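Visitor: from the sequence below, what's the structure:
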Amino acid sequence: QWQAFASERGWQVIVPWTANTGPAWTDIGVKALEAVLQDAKKRLRVDEARIYLAGQGDGASQLFYAASRMPDPWAAALAIEGSPNVAIDSNRIFGANTSLVPVLWVVQSSEVRAMAPLRQKLTAAQYNVIPQGGQGFTVRAALDWLSEHTRPLFPQRIDCETGNTAFPQCYWLEVTKFDPALQNDVLPSTRVQPGAGAYLDLGGFGYNPSETGPGVLVGWLPEGYKGPLEIGDRIVSVAGRPVADAQDYIQMMNAMKEEKAAGIVFERKGKRKRLETRILLPQRPEMVTARVQAEHLSQFDEVQIVSRGVAAMRVEVAVPWAPCRITWNGT
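Guide: Purely as a prediction, here's the structure:
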């Protein structure tokens with residue numbers, strides 16, 4: 001459905017099927033996405049300043065993660081519906097990384113209120129999200145918006161944060177040695193704060209966060225699932241508390257403070273069943289991060305770098321900037 005509109009502009013559309021690459025809200029998925037992009041650059045004529053990221057529904061959920069985890073390639077990103085909740089709960093997305101990647105989030109008018117708390121979490125962490133009401137918004141309008149943005153090959157100012165040495169690149173700067181002992185209060189974390197992230201010990205299940213009630217509808221189960229749920233089940237009560245809809249379920253689980261035994265009630269083919277399980281809390285990864293801000297000050301012929309948690313880095317100086325002085329944390 002995008003091909004015709006893209007062809008009008010001479011654009012190429014690449015769809016990395018997640019069945020082969022893994023979902024882009026995982027680090028493996030983001031690395032696979034990077035490999036797909038590198039392969040496309042070998043086979044197609046690619047304008048490095050005009051590479052865009054787009055996703056719809058579940059793809060939009062993954063986009064929020066990928067745009068922050070690997071911001072370097074993208075001039076802008078477009079999320080149509082979907083929810084950033086999965087990305088936020090990963091504890092691995094940082095608002096600073098999107099400072100040069102505006103993310104347009106198109107949400108149906110009926111979903112604006114439900115998604116407001118998530119949007120507030122993103123903006124509080126400086127995530128560069130731009131909300132857009134979906135009514136009357138077309139694919140052509142979306143591509144018009146994307147085309148307004150280009151990626152400078154050497155941005156004057158960059159800002160990146162990571163807790164994983166597998167993601168050391170920040171445009172024209174690469175961290176080559178991390179050291180969490182090197183603290184710097186000038187650079188606080190821009191982590192998008194997750195909720196408690198509590199989940200039911202039922203083997204994992206997926207659902208549409210925008211789905212209406214009653215309860216939360218099980219819409220997806222992992223391959224080889226051996227738990228007690230079936231697709232189409234509705235979880236209508238957790239620990240004796242009724243579940244109104246998917247958003248109510250999310251808020252309930254994010255409010256959990258401790259692991260404990262709990263009973264759930266679910267509906268299957270019109271009949272209600274009770275099941276004993278546990279409420280679990282996730283082990284949060286990447287509690288310690290590194291962050292780098294760097295800026296080329298043309299009036300002083302200087303590149304200024306401020307970092308936290310970084311012991312060594314490689315800096316690529318743009319030809320028009322040279323010769324120039326490089327200062328790092330004032331040295």
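
Visitor: what secondary structure does residue 142 sit in?
Guide: Secondary structure, DSSP: H, G, I helix; E, B strand; the rest coil: residue 142 is helix.

Visitor: let me see the contact set for it.
Guide: 54, 78, 80, 104, 106 (C-beta atoms under 8 Å, 6 or more residues apart in numbering). Backbone N, C-alpha and C define where each C-beta goes, glycine included.

Visitor: using a markdown table, please lay out these together with neighbour count.
Guide: Shown next, in a markdown table, are these (neighbours: other C-beta atoms under 10 Å):
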| residue | neighbour count |
| --- | --- |
| 54 | 21 |
| 78 | 24 |
| 80 | 21 |
| 104 | 20 |
| 106 | 21 |
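
Visitor: which of those sits closest to residue 206?
Guide: Minimum distance to residue 206 across the contacts of residue 142 is 18.6 Å, recorded for residue 80 (C-beta to C-beta).

Visitor: my read: that closest one touches residue 61, true?
Guide: No: with contact defined as C-beta atoms under 8 Å, residue 80 does not count as touching residue 61 (10.9 Å).

Visitor: which neighbours do those two share?
Guide: residue 55.

Visitor: looks to me like residue 286 is in a strand.
Guide: No: read with three-state DSSP, residue 286 is coil and lies in no strand.

Visitor: what's the separation between it and residue 277?
Guide: 28 Å (C-beta to C-beta, to the nearest Å).

Visitor: looking at those two, which is more packed in?
Guide: Ranked by neighbour count (other C-beta atoms under 10 Å), residue 286 and residue 277 place residue 277 first, with 17 against 14.

Visitor: show the model's pLDDT score for the more buried one.
Guide: We have a pLDDT of 93 for residue 277.

Visitor: now do the same for it: helix, strand or coil?
Guide: Per three-state DSSP, residue 277 ends up strand.

Visitor: so it sits against residue 200, correct?
Guide: Yes: between residue 277 and residue 200 there is a contact at 5.5 Å, judged by C-beta under 8 Å.

Visitor: what is in contact with these two at once?
Guide: What both residue 277 and residue 200 touch, as defined by C-beta under 8 Å, 6+ apart, is the set 262, 264.
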